[in-house]
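1. Just to be clear, the model below is a prediction. Sequence and coordinates:
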Amino acid sequence: RPGLLFHDGARVDAAAVKANLDAFRGSPSVGYGMSQVTEIVVVDDLTVEVRMDSPWSAFDSYLAGQPGYMVSPATIGTNETFVGTGPFVLESWTPGAGARVVRNEHYWREGLPYLDAIEFTFIPDGNVRRQALESGELDVYITPHDTDIIDFLDDDAVEVWIGTASSNESLFVLNTAAPPFDDLRVRRAMALALDRELMIEVLRSGLTIPADGPVNPNSPWYVETDYPDFDMAEAQRLVAEYEAEVGPVRFTLKGEPTPESQELRELAVSFWEEAGMEVDVEEIGLGASVTTAISDDFQALAWAQFSAIDPDGERSFFRSGGPLNWSNLVSPRIDAALDAGRATADPDARFEAYAEFQRALAEELPMIFVDHLNGVEAVASNPRVHGIAERTLPDGQAGIGLLAGSFFSYEDVWMEQ
């Protein structure tokens, strides 16, 4: 768009876009996601050409996510501040505590945003978050606890917004490159031993549904698979078979020190121990899951992820050899399905490719899924706050209000006096 500026006054032109995309391509962690891009060429002041070595039908969808977030070229490679083009400008930021953003007076969408400022506060304890909302200290509470959601739905003093378009999944990542999870029997026993329905009742108050992969049943790409149903006897049989040939099934389960993660791990361990496994539990630092996964410093890791609208968005996490393939699974079958889905624009061919991808995941089990987090990925607010589940796109069309359950566009939010 002509005349667009970054928050520091730099021009958003083709050179800036090229600098951002080249930096993304060169990143040791996320660059793999654009590995088939061979060159980015500045055509004119407002046009770049992206050249590839093979077709990529969902590239436009890919740019709607992280790779398409543009920052001022002067800040590329730094992590002290964030200088973008959005409706709010970063004023202050304390990692692990919170941040304050203020209205961008030069935002390109006339009349937006409505709010003068937003203060983000990080409160690990769910009880404290709820008390802060009820006391008026907070106006909005992201991802309330399941029991809070049930209470809030019957409370006229609190509005609850629940996303339906997509969601993250609660799961466990298994390092398939090392024992015992290099053996499919153990991975299958892990899945068979989990009573997902009971876990949902205990952990989510019945608000979610069991997950069998990273594609949400609300998605047009979803297919049913032969993901293992709960069968403790079969899980115990597989564990005994493995033990007779190899030895005890013993591993360490890691996770972050949040109440939700602790509850999930405790319940899962009780099932796995009943199946005959020996499990040690180790807590990692808050926010340390990604570095733990990238460094392969784990055997099993409590995790929540996914929610891409197009399945191509999950490619980096399952394609063999990629640095973001957390499980380290090498699967020619999955690779072929992901490649086929990317290489064609034919809707039917793409659907079948991603159906095969889901079927292969359900059989090879690099991750043990618990539930789709629709229902608990929500937003609670006081009634003075409006616009959370609404979004108007630049062309005037209505957009999806809540993505991944609880992510929304703050530029549309307004408050009553």
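-> Here it is on my side, so go on. Numbering: from 1, shown residues only.
2. Only C-alpha atoms from now on, for both contacts and neighbour counts.
-> Will do.
3. check which helix or strand covers V290.
-> helix 289-294 (DSSP states H and E).
4. which strands and helices sit next to that helix?
-> Under the contact criterion of 3 or more Cα pairs under 8 Å, 6 or more residues apart in numbering; DSSP states H and E, helix 289-294 touches strand 300-305.
5. gap between the strand it packs on and the chain center?
-> Offset of strand 300-305 from its chain centre (Cα atoms, centre = their mean, to the nearest Å): 11 Å.
6. following that strand, which helix or strand shows up next?
-> On the C-terminal side of strand 300-305, the nearest following helix or strand under DSSP H and E is helix 332-343.
7. any residues touching the helix holding V290, and which ones?
-> For helix 289-294, contacts defined as Cα atoms under 8 Å, 6 or more residues apart in numbering pick out G255, E256, F298, L301, W303, P323, L324, W326.
8. try 7 Å
-> Helix 289-294 has contacts (Cα atoms under 7 Å, 6 or more residues apart in numbering) with F298, P323, L324, W326.
9. Helices of the protein, residue ranges please.
-> 14-25, 59-63, 126-135, 146-153, 184-193, 196-204, 232-245, 259-274, 289-294, 332-343, 347-364 (DSSP state H).
10. how about the shortest one: buried residues?
-> Buried residues in helix 59-63, defined by neighbour count with 16 or more other Cα atoms under 10 Å: Y62.
11. With the longest one instead?
-> Of the residues in helix 347-364, 350-362, 364 count as buried by neighbour count, 16+ other Cα under 10 Å.
12. okay, those in CSV with pLDDT and distance to S35 next?
-> As requested, the buried residues of helix 347-364 are exported to CSV (pLDDT from 0 to 100; distance: Cα to Cα, whole Å):
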residue, pLDDT, distance to S35
R350, 98, 20
F351, 98, 23
E352, 98, 24
A353, 98, 20
Y354, 98, 20
A355, 98, 24
E356, 98, 23
F357, 98, 20
Q358, 98, 23
R359, 98, 26
A360, 98, 23
L361, 98, 23
A362, 98, 27
E364, 98, 25
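13. need those in CSV with distance to A58, can you?
-> Shown next, in CSV, are these (distance: Cα to Cα, whole Å):
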residue, distance to A58
R350, 10
F351, 13
E352, 15
A353, 13
Y354, 13
A355, 16
E356, 18
F357, 16
Q358, 18
R359, 21
A360, 21
L361, 21
A362, 24
E364, 25
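14. hmm, back to that, which one of the helices of the chain is the most hemmed in?
-> Compared across the helices of the chain, helix 184-193 shows the largest average neighbour count, a mean of 24 (mean count of other Cα atoms under 10 Å).
15. Can you tell me what sits against that one?
-> Applying Cα under 7 Å, 6+ apart, the contact partners of helix 184-193 are 180-181, 228-232, 235, 238-239, 271-272, 275, 364-365, 368.
16. Off-centre distance for that helix?
-> Here helix 184-193 shows a centroid-to-chain-centroid distance of 24 Å under the convention Cα atoms, centre = their mean.
17. follow-up on the earlier one: out of the helices of the chain, nearest to V43?
-> Among the helices of the chain, helix 14-25 comes nearest to V43, with 7.8 Å by Cα to Cα.
18. re earlier: go through the contacts of helix 289-294 and name the one nearest I118.
-> L324 (32.2 Å).
19. which residues sit in contact with T38?
-> R51, M52, D53.
20. So what's the residue count around the second one?
-> Per other Cα atoms under 10 Å, the neighbour tally for M52 reads 14.
21. number of nearby residues for the closest residue in space to it that isn't next to it in sequence?
-> Nearest in space to M52, with sequence neighbours left out and distances taken as Cα to Cα, 6 or more residues apart in numbering, is V37 at 4.3 Å. Per other Cα under 10 Å, the neighbour tally for V37 reads 19.
22. Double-check V37 against E49; I have them as touching.
-> No - between V37 and E49 no contact is recorded; they are 10.6 Å apart, counting by Cα atoms under 7 Å.
23. from the contacts of T38, which single one is nearest F88?
-> Closest to F88, out of all of the contacts of T38 and judged by Cα to Cα, is R51, at 32.6 Å.
24. Next, the contact list for the nearest residue to G98 once chain neighbours are set aside, please.
-> In space, not counting the residues next to it along the chain, G98 is nearest to T121; the distance is 4.4 Å by Cα to Cα, 6+ apart. Residues in contact with T121 (Cα under 7 Å, 6+ apart) are A97, G98, A99.
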